[in-house]
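> The sequence and its predicted three-dimensional model are supplied below.
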Amino acid sequence: MGDTLVRRLLRWLVYLLASLLGVGAFLYPFFAREAGAEAVGAAASPVFLTVLGGLSLVALLLETQGEATADAKRIALLGVLIGLNAALSFLETALPGPGGFSPVFFLIILGGYVFGHRSGFLLGSLTLFVSALITGGVGPWLPYRMLVAGWIGMTAPFVGLLVRRLRAQARPAEIVILAAFGGLWGLAFGALMNLWFWPFATGAADQHWQVGLGLRETAQRYLAFYVTTSLVWDLARAVGTAAMLVVFGRPTLRTLWRFQRRFEFQVIATVDGAVTGDDAASVAEVHA
Amino acid sequence: MHPLAWFAWVVVASLSALLTRNPLYLVLLFGIALLALEAVSAAPRAGQLAGTERRGRATPVSPVRFALFAIPAGAVFNAALSHFGETVLFRMPQGWPLLGGPITVEALVFGAVNGLVLSTLFAAFAVLNVAVPVRDLIGYLPRAFYPVAVVAAIAVTFVPSTQQQVRQVREAQAVRGHRMRGLRDWLPLFMPVLIGGLERALQLAEAMTARGFAGRRANDAGSAPAGSSTAQVGTIGGLGCVLVGSVLRLMPRWSAWSTPLLVGGVALVGWAIWRTGRGVHHTRYRQHVWALRDSIVVVGAVVALVSWVLWPASRAYAPYPRVAWPGFDVRVGFGLMALILPAVIPAPQEEAHADDRV
Amino acid sequence: MPMIAFEHVSFAYPGAVSPVLRDIDWTLAEGELAVVAGPSGAGKSTLLRCINGLVPHFSGGTFGGRVVVDGLNPLTARPEAMCWHVGFVFQDPEAQFVMDRVEDEVAFALENAAIPRHEMRARIEEVLALLSLERLRDRDLATLSGGEKQRVAIAAALALRPRVLVLDEPTSQLDPQSAQDVLDTLAQLNRDAGLTIVLAEHRLERVLPFAHQLVHISGQTTQGSTSLVAGPPREVLSQIELAPPVVVLGRALQWSPLPITVAEARRFGPSSTKRAAPAAVRETGQETHGLLCSDSAREGAMAAEETTVRAEGLQVAYNGRRVLDDVALDLHRGEVTVMVGRNGAGKSTLLKALVGLVPLQRGQVWVGGREASHMTVAEICRQVAYLAQDPNALLFADTVMEELLITLRNHRILATDAPINPDALLDALGLRGKADAYPRDLSVGERQRVALAAITVTAPSTIMLDEPTRGLDYDAKAHLLELIHGWRNAGHAVLLVTHDVELAAAAADRIVVLDGGTIVAEGRPAEVMPMWPEFAPQIARLFPGTGWLTAEDALAGLQP
């Protein structure tokens, strides 16, 4: 009843290609050498990038949603966690915290950590989807946000590998590693999202992205752009997520693991349904 | 109005905003979007009682406020950081990193136009957000994404009860002496909500199972429906083509190959989606009826798009090296005006029940 | 051919030490309505879930024996197929909803089954009409009352046209009016549509009038099999212990045929009523469920009569609507005050106002002599313990003991300085040995007691309980009653808000009736309750004017 090797291979191939595509879409500005009228060419790029990014998101969703249909418990679990997380994101506006701090990444990371790659991706991307739906914030930047948030959830199980290698389960080191993970992604999220806005600030200008530049110059310019515009925001997000993981991580993990048992699906090993006459005993073992 | 008509409208409107840097066109588009937003906000929403519209949803930012922020911000940023252009306002000391150099009008204008593009995009999507209820936004996801749609539906339903739960928990904890002093004090608020949610999920799963919502695992027939590996292969092929095509685009020798590869790749992925959708067996209860109004709006959107294609000359605009008044093609202007149709065509009386049960 | 047949059915949950059900035999004919009763944990829910296959397919575990429902075996057919034959409605109306509008919710199961659209339409119309939900079809589910929500849940289950409907305690979270609506609907479905219904219910007095069969499960017998008694209600009632007061009285007085409603009991009324002195009964009477109240302790407490909480002229408004209007209330040591009132009368709001959770437009509250407006909620709650309707909102620690320690920490009290020894408190609340248990894994009654422990660990002078009887069976209610009287005798002030009139009658020294935001009656139960029939217990309705409230009162009065 498990996955065959071929299936898993195919699935990881999809992950790989889609992620390459997504990363490529984000980093495209660093590589592009475009002929043609600068302003128009540059203007066409956001469209191109949105298509690439959207494609990557669609492929990953298509692949990971298989996890959700596994059984009603998984769907309900994901639905509830996503709803919870999206409701938390309201706090983002209600809290007088520094701008950029978003409480949603905390659950995305821990959910992915406990429930696996696919659930993590769904948790991340759909939290941002539902959050956008209910705040009326659906916009052209949504596919990108969904993609990056999905990656966060998807890569969280890798932290588990590290933790097991270091034999740090249920020890403080586990939380430290998770917090570092959260902090790094907090920064990376902002950096990647900025890449979406960056091509807009284009033109025959010194500071900003100019098509036809080499990799090094473009990187330098982007760094300058990033530092001046959103570093503070992203630091707030990184520090905030890390802090949440440190303070709430352990109790939340314990709870999620406690419930994980109950959400595992059951398999009926043997069923003998054909009962005749007085022989009314049919026994079935159902395993967790 | 049918949600798909709105989707078409928004796609054309945002595409138009992305394709041009001509501030005159952008202002026109922005104005059209605002008018559409007004018209849609005023209309009663189908199937909802007054007063329940915003339950569980936050009020979105108005596009005008967004523009008031984005346009000046863009202008200032660009002017401060880029120093090209001939009309100099004043000079910053040369030695300063990033900021040093002449502050020019051209840079201001350019930055403002960037802000204007973002504002127009924002306005167009604001119309979508208000015009199409959340349920329909979820419901019109392609068939292949049915699991995503169910999960999203559950999540959206669960948001208001989470908010209520938070209130109850806050009161309950206050009664045992809990005070909000620091970050750590959020834990007693968060944990009962989380645990309650997980317990609710179990109950919900049971209720769904009792109503026949079976998982695939339950079928013991393998963990994927038949045909999905075909779709997987299609996805892989499609992604591969797009990847190669994007890379080729960067290399002048082979860039001719890039477009067909890109288009082919997208088509392959589209096919994979269709194929997955075929494996999904469910029907939809709520269906919108396609009305004359919807056709008119779509035709208008097509007209706007066509006018971009036919007369592309005035699309581009750059204030550099010297700021000048942008060109304006009246024909394109008229084409764009076709996007105002949704705001202008009056909704028929039965509009409020457009999601009909015919 | 019975509609439902259980043959030698046994079941144990995964990881459980002993089976919940053992060797059960039971049948139900088509078109009959069966009520399943019995203490919590005896296996009612499990029995119900065997009917549509949720046990064992959803729960896991080991299953033995055979079940046949409408010709199918749920074990092989699985819930996905059984849903076409058995509809299931759960206890918590909100937790079973996927969508947020009435019509969408009803359509969910049909969409999932890929029923063609025109047929979907027809079925939805049919089921909405059957349950009188047409005018609610476009409403948001969250705006409905509890009773309406459960009716929607029933509609959603019936959309697939099953022939059997199973309901697991559908009214336990509802107020009396909503509960009556739902039960009336079920009676009508059974009568008019011929639906076979199986219903688990604690409040037997509401359902017995239209039940064809009463099934009583009461745990394991000495032989190890589960004791299950099934038969016509009158027969079964004569055999089981816990029953509505009218039945208890009827059994004791050997009325025949055994009355199961007040109306039936009235037939025996005139010939056996003797007008005994009403007031005296209450003072020296025994408490129900065999508890003795020490007279001397009671008199001592009455003498103290110290006021712990006082409120005057309270006025509270929500969204421009006045919820409380000029309310004055005193709570005294050693006295149990019970507040009754219709849904929405403002009872919960009043409790919250007393502890400072709700801002007052006008009026004042004094707690322990000090003005509450000068105190924080935490300070007030050190002296006034308030248990909200849902104790789950309180519990989040890993162990029961931890919950108590958290409260102490919140109030900055060291565990060693605690006014009550936490271990002793757990013992007193019947939680001995559960100090290390995970609170959320405990039963409903136990969880409530953990919550009580958590809020009473500061030795408050006043204890306020808001609707504590939701989801409790007779045993748990008996324990609660013991607790209440224990507190009263120890000199605490107790304020109890409840819909459960039997409990109110057994517990109260004083009754307060709240209606439309004002107090409309206040006084001793024997005086107030007969004036308000909707809050009167069965015995009071049966013997008006005598001041009797419980079966024991009546027995004592009729056979001096």
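Thanks, I have the structure now. Note that the structure is a prediction, hence the values are computed from the model and not measured.

> remind me which residues of the chain are low pLDDT?
By default, I'm working from chain A. Along chain A, the parts satisfying pLDDT under 70 run over A:1-3, A:29-46, A:70, A:91-100, A:197-229, A:265-288.

> hm, I was asking about chain C
C:221-224, C:269-305, C:560.

> any idea how far B:Val150 is from the nearest residue to B:Arg179 once chain neighbours are set aside?
Here the nearest residue to B:Arg179 in space, its sequence neighbours aside, is C:Ala378; by CB to CB, 6 or more residues apart in numbering or on different chains that works out to 5.8 Å. The C-beta positions use only the backbone N, C-alpha and C, and glycine is treated the same way. Remark: distance between C:Ala378 and B:Val150 (CB to CB, to the nearest Å) = 43 Å.

> Which one of those two is surrounded by more residues?
Legend: neighbour count by other CB atoms under 10 Å in any protein chain shown for C:Ala378 and B:Val150, higher for B:Val150 (26 against 17).

> Check which helix or strand that one maps to.
helix B:146-175 (DSSP states H and E).

> Could you list every helix and strand that that helix packs against?
Helix B:146-175 makes packing contacts with helix A:38-68, helix A:72-94, helix A:117-135, helix B:134-139, helix B:187-210, helix C:377-383 when contacts are defined by 3 or more CB pairs under 8 Å, 6 or more residues apart in numbering or on different chains; DSSP states H and E.

> Quick check: phi and psi at C:Glu522.
C:Glu522 adopts backbone torsions of phi -160, psi 130, taken as degrees, to the nearest 10.

> That one bridge partners, please.
Under DSSP bridges, the beta-bridge partners of C:Glu522 are C:Val512.

> Setting aside sequence neighbours, what's the nearest residue to the residue nearest the centre of chain B?
Nearest to the mean C-alpha position of chain B, by CA atoms, centre = their mean, lies B:Phe125 at 5.5 Å. The shortest distance from B:Phe125 to any non-neighbouring residue, by CB to CB, 6+ apart, is to A:Gly139 (4.5 Å).

> Doesn't that neighbour belong to a helix?
No - read with DSSP: H, G, I helix; E, B strand; the rest coil, A:Gly139 is coil and lies in no helix.

> got the contact list for it?
Listed by CB atoms under 8 Å, 6 or more residues apart in numbering or on different chains, the contact partners of A:Gly139 are A:Ala132, B:Leu121, B:Phe122, B:Phe125.

> Just the ones in helices from those residues, please.
A:Ala132, B:Leu121, B:Phe122, B:Phe125 (DSSP state H).

> Quickly check the residues you listed for the two that are furthest apart.
Spanning the widest gap among the ones in helices among the contacts of A:Gly139 are A:Ala132 and B:Leu121, at 14.1 Å by CB to CB.

> Looking at the two, which is more packed in?
Higher neighbour count among A:Ala132 and B:Leu121: B:Leu121, with 28 against 21, using other CB under 10 Å.

> how far away is the more buried one from A:Glu174?
Computed with CB to CB, the distance linking B:Leu121 and A:Glu174 is 42 Å.

> Go ahead and flag the most central residue of chain C.
Centroid-nearest residue in chain C, with CA atoms, centre = their mean: C:Arg470, separated by 3.1 Å.

> Give me the contacts around stretch C:455-465.
For stretch C:455-465, the surrounding residues in contact (CB under 8 Å, 6+ apart) are B:175-177, C:308-309, C:331, C:333, C:351, C:354-355, C:367-368, C:381-387, C:394, C:404, C:407-408, C:411, C:413, C:418-420, C:422, C:425, C:452, C:484, C:487, C:492-498.

> 6 Å - rerun?
B:176, C:308-309, C:331, C:351, C:382-387, C:404, C:407, C:411, C:419-420, C:425, C:487, C:492-496 (CB atoms under 6 Å, 6 or more residues apart in numbering or on different chains).

> Filter those residues down to just the ones in strands.
C:Thr308, C:Val309, C:Leu331, C:Val384, C:Ala385, C:Tyr386, C:Leu387, C:Ala493, C:Val494, C:Leu495, C:Leu496 (DSSP state E).

> Tell me if I'm right that the second one and C:Leu331 touch.
Yes - between C:Val309 and C:Leu331 there is a contact under CB atoms under 6 Å: 4.4 Å.

> May I see the buried residues of stretch B:184-192?
Across stretch B:184-192, burial judged by 16 or more other CB atoms under 10 Å in any protein chain shown covers B:Trp186, B:Leu187, B:Pro188, B:Leu189, B:Phe190, B:Met191, B:Pro192.

> Can you give me the distance of the fifth one to C:His57?
As for B:Phe190, its distance to C:His57 is 33 Å (criterion: CB to CB).

> Quick check: which element contains the residue of the stretch 351-500 of chain C found nearest chain A?
Going by CB to the nearest CB, chain A is nearest to C:Asp398 of the stretch 351-500 of chain C, at 6.9 Å. Using DSSP H and E, C:Asp398 sits in no helix or strand.

> One more: the one 3 residues further on?
With elements delineated by DSSP H and E, C:Met401 resides in helix C:400-410, which encompasses its position.

> re earlier: how about the contacts made by the residue nearest to the centre of chain C?
C:Gln173.

> Can you get me a residue count around the residue in the stretch 201-350 of chain C positioned nearest to chain B?
Closest contact between the stretch 201-350 of chain C and chain B, by CB to the nearest CB, is at C:Ser348 (10.3 Å). Residues lying near C:Ser348 (other CB under 10 Å) number 17.
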